[in-house]
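> I would like the atomic coordinates for the input below:
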Amino acid sequence: MVVDEDAAAAALTACSRQDIEQVLLAAELDEHYGVAVDFISLLQENAQLAGNLVQQPQQLLDLLECALLTAQEMMLQQHPQQQIMAVKPNAHVRLHNLPHSLDPEPNMLNPTISNIGSRHLGKLVTIRGTVVKAGPVKMLEAQKMFICNKCKHRFMARNNPDNNSKSGSGYDLPMECPSLGPRPCLGTNFKPVDEQGATCYTNHQEIRVQEQMQCLEPGSVPANIQVLLQDELADSCQPGDDIEALGLVCAEWRPLFPGARCDGSLNIRACQVRSINSLIRTIAMPEDSLAEQFRDFWAYHAKCPLKGRNKILASICPQIYGLFLVKLAVALTLIGGCARQDDSGSHIRGECHMLLVGDPGTGKSQVMKFAARMAPRAVVTTGRGTTGAGLTVSAVKEGGAWSLEAGALVLADGGLCCIDEFECIREADRAMIHEAMEQQTLHIAKAGMVTTLSTRTSVLGVTNPSKGAFKQGGSCAGVAATSLSGPLLSRFDVVLLLLDQHEPSWDRIVSEHVLRNHQQVQQPFVRALHGWSVDELRSYIVWAKAANPSISMTHEAEQVGNCKACDSTGVLHRYCTS
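Numbering: from 1, shown residues only. This is a model prediction of the structure:
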């Protein structure tokens, strides 16, 4: 059964009355406006309309566009403020919140980017990912006026990107002249009108969305897909943003040449795009059962919280023996602190940066990789062969236009960025990450594009000493052993030195621990008794971050901090041994 336009207009009015009213009250007449429509609310108002929208999305989306104009006219006639209202012809329906229950197949409406294939062609889907590339905002012909060669009737034709997505000249022309005269024209030849005002333009932008790092299986390569943004959705996101995009899966065919294979790619023509950067912690929050388990854990250790702390640290990188201070610093780096902003607007970051400097074979890379597994969102890279553009952002030219492509620090926004072999980064490239580490932003001015990107990430760097071994006995042994400059080294809040002492007794203890771990691989019950799993640690970090503790110190911490006779090493020693 076909849904008529009046029923669709009534459903839109019931679902989005306030948004339609705001569009009517808007001052600009020719601007593009979006009206958010919740699919669940639309399903409750008109189940038949929602069902047809899933089965025939393109036809129903066109119907909803026309129904939105009707809904504006109906509301305008009944509204007491109609004198200051006007119907906006460029208002668009922006659907969101596609459910799973209407799927003919599992996850048909909410697939992952890697699972999108030819079976999704022409279907509505919702994806979540990270913007890794954003092209420039271009001008696209949305509608153009044509004239009939026979009766000289003029009409507007809409540009359909599916007809010719590259040139943007695929207009939906009627089979016959649409004139409404007393005698039908039946003309079939039309030509465009070259007059001022005969063409309507809109904004158009292409972005590339990649699967979120925290949703990938270990060792898998993240997939990406191109998303087309039009009208007011253009320039609504930037590289590094986590977005949720709902749109229609379309095919983009490459130009045909004699003897060449017909080839194409899939993209998504977005109907709605919204940033979910502020919702990352809410989305990744652990289940209520785990949250209750964490609260019970600290209630059990209320009298001696340091014992509870030690149990958690014992679960971090259990294959490495010892390194208690390193594991404690990793846990504090992942959980982070509280960002502050004073009355003058100065921002003090809450993310911690950590640098591990040590001899080869001391477990630095193992600790870094385990920290990446624990982090809800992590990007791992290496300094060997990495440029400053690869760490921050690069300008890429495609099809004669420049676009920005996000680097490691931008992609790790809100998470952890692990950089192995930090000393292999060239000195000129290291200077590019100073602002990203301290100010948590990147000011970009490349190829005529000037913008600011967020890099609210914790950096965990691993580096080898510049010489064969540390010089014992000096207080500046760490600074002398690294090839990092003073300004870059000052960005790290924690710098730890890992020494290979070459002691037979210590080597014997470490080797016994390694052999014991390998013997317990076949005994999962015994390994489970050692502490929390990686998934539990990840959930605990998310839960601890969401706690938002008050910025205050206990009485014992103030006594340690006010101890004039203790240097920084003494403060750490007293804290760890307490």
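> quick check: longest helix of this protein.
Within the chain, and with DSSP state H defining each element, the longest helix by residue count is helix 57-78.
> What are the contacting residues of stretch 320-334?
Stretch 320-334 is contacted from outside by 309, 312-313, 316-317, 352-354, 356, 363, 366-367, 370-371, 374-375, 416, 458, 460, 494, 496, 498, 509-510, 513-514, 541, 572, 576, using C-beta atoms under 8 Å, 6 or more residues apart in numbering. All C-beta spots, glycine's among them, are computed from the backbone N, C-alpha and C.
> Show me these that map onto helices.
Using DSSP H, the subset of the contacts of stretch 320-334 located in helices is 309, 312-313, 366-367, 370-371, 374, 509-510, 513-514, 541, 572, 576.
> phi, psi of the most centrally placed residue in the chain?
Centroid-nearest residue in the chain: Asp242, 2.0 Å away (criterion: C-alpha atoms, centre = their mean). Dihedral pair for Asp242: phi -90, psi 120, per degrees, to the nearest 10.
> Now do the same contact list for it.
By C-beta under 8 Å, 6+ apart, the contact list for Asp242 reads Arg128, Gly129, Thr130, Val131, Gln212, Ser275, Ile276, Asn277, Ile280, Gly414.
> Tell me the spacing between Asp242 and Gly383.
According to C-beta to C-beta, to the nearest Å, Asp242 and Gly383 sit 26 Å apart.
> returning to what we had before: among the ones in helices among the contacts of stretch 320-334, which ones are buried?
Buried subset of these (neighbour count, 16 or more other C-beta atoms under 10 Å): Ile312, Leu313, Val367, Phe370, Ala371, Met374, Ile541, Leu572.
> Between the residues you listed, which has the least confident prediction?
For these, the minimum pLDDT belongs to Leu572; the value there is 53.
> mind listing the helices for the stretch 301-450 of the chain?
Under the criterion DSSP state H, counting those that start in this stretch, helices of the stretch 301-450 of the chain are mapped to 305-314, 324-335, 364-374, 388-391, 408-411, 427-430, 434-438.
> Buried deepest among the ones you listed, which one?
Highest mean neighbour count among the helices of the stretch 301-450 of the chain (mean count of other C-beta atoms under 10 Å): helix 408-411, with a mean of 26.
> Other residues contacting that helix?
Helix 408-411 is contacted from outside by 130, 132, 210, 213, 239-240, 379, 381, 386, 390-393, 417, 419, 433, 436, 442, 453-455, 457, 459, using C-beta under 8 Å, 6+ apart.
> Run the chain-centre distance for that helix.
Helix 408-411 sits 10 Å away from the centroid of its parent chain (C-alpha atoms, centre = their mean, to the nearest Å).
> residue contacts, the nearest residue to Leu49 once chain neighbours are set aside?
Counting by C-beta to C-beta, 6 or more residues apart in numbering, Val3 is the residue found nearest to Leu49 once chain neighbours are left out, at 4.8 Å. Applying C-beta under 8 Å, 6+ apart to Val3 gives the contacts Asn46, Gln48, Leu49, Asn52, Leu60, Leu63.
> From Ala71, how far off is Val3?
From Val3 to Ala71 the distance is 14 Å (C-beta to C-beta).
> In the stretch 1-150 of the chain, what residue spans correspond to helices?
Ranges of helices in the stretch 1-150 of the chain, per DSSP H, counting those that start in this stretch, are 5-15, 17-25, 39-45, 47-55, 57-78.
> Looking at those, which is nearest to His502?
The minimum distance between His502 and the helices of the stretch 1-150 of the chain falls on helix 39-45, with 65.5 Å, by C-beta to C-beta.
> for that closest one, packing partners?
When contacts are defined as 3 or more C-beta pairs under 8 Å, 6 or more residues apart in numbering; DSSP states H and E, helix 39-45 packs onto helix 5-15, helix 47-55, strand 91-96.
> and the ones you listed, which is most packed in?
Burial of the helices and strands packed on helix 39-45 is given as mean neighbour count (mean count of other C-beta under 10 Å); strand 91-96 ranks first at a mean of 21.
> still on that earlier bit, and the furthest pair within the ones in helices among the contacts of stretch 320-334?
Between all members of the ones in helices among the contacts of stretch 320-334, the farthest pair (by C-beta to C-beta) comes out as Ile509 and Ile541, at 29.4 Å.
> Wait, Ser16 touches Phe39, no?
No - checked against C-beta atoms under 8 Å, the pair Ser16 and Phe39 is beyond contact range at 11.7 Å.
> lowest-confidence helix or strand of this structure?
helix 524-528 (a mean of 43; mean pLDDT, DSSP states H and E).
> okay, and for the chain, where does confidence drop off?
Residues of the chain meeting the criterion pLDDT under 70: 1-2, 100-107, 161-169, 214-220, 277-287, 388, 399-400, 467-481, 518-530, 548-578.
> thinking again about what came up before, which among the contacts of Asp242 gets closest to Leu404?
Closest approach between these and Leu404, by C-beta to C-beta: Val131, at 9.6 Å.
> all strands in the stretch 51-200 of the chain, in order from the N-terminus.
For the stretch 51-200 of the chain, the strands defined by DSSP state E, counting those that start in this stretch cover 91-96, 124-134, 138-148, 154-158, 190-192, 199-210.
> Can you convert those strands into CSV and add a column each for distance to Pro222?
Formatted as CSV, the strands of the stretch 51-200 of the chain follow (distance: least, C-beta to C-beta, whole Å):
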stretch, distance to Pro222
strand 91-96, 24
strand 124-134, 8
strand 138-148, 27
strand 154-158, 35
strand 190-192, 43
strand 199-210, 5
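> and Val534, which of these is closest to it?
Of all these, strand 124-134 sits nearest to Val534, with 22.0 Å by C-beta to C-beta.
> Could you list the paired strands of that closest one along with their orientation?
If you go by DSSP bridges, strand 124-134 pairs up with strand 199-210 (antiparallel), strand 242-253 (antiparallel), strand 401-406 (antiparallel).
> quick one: the strands in the stretch 251-400 of the chain?
264-275, 340-341, 347-348, 354-358, 378-382, 393-398.
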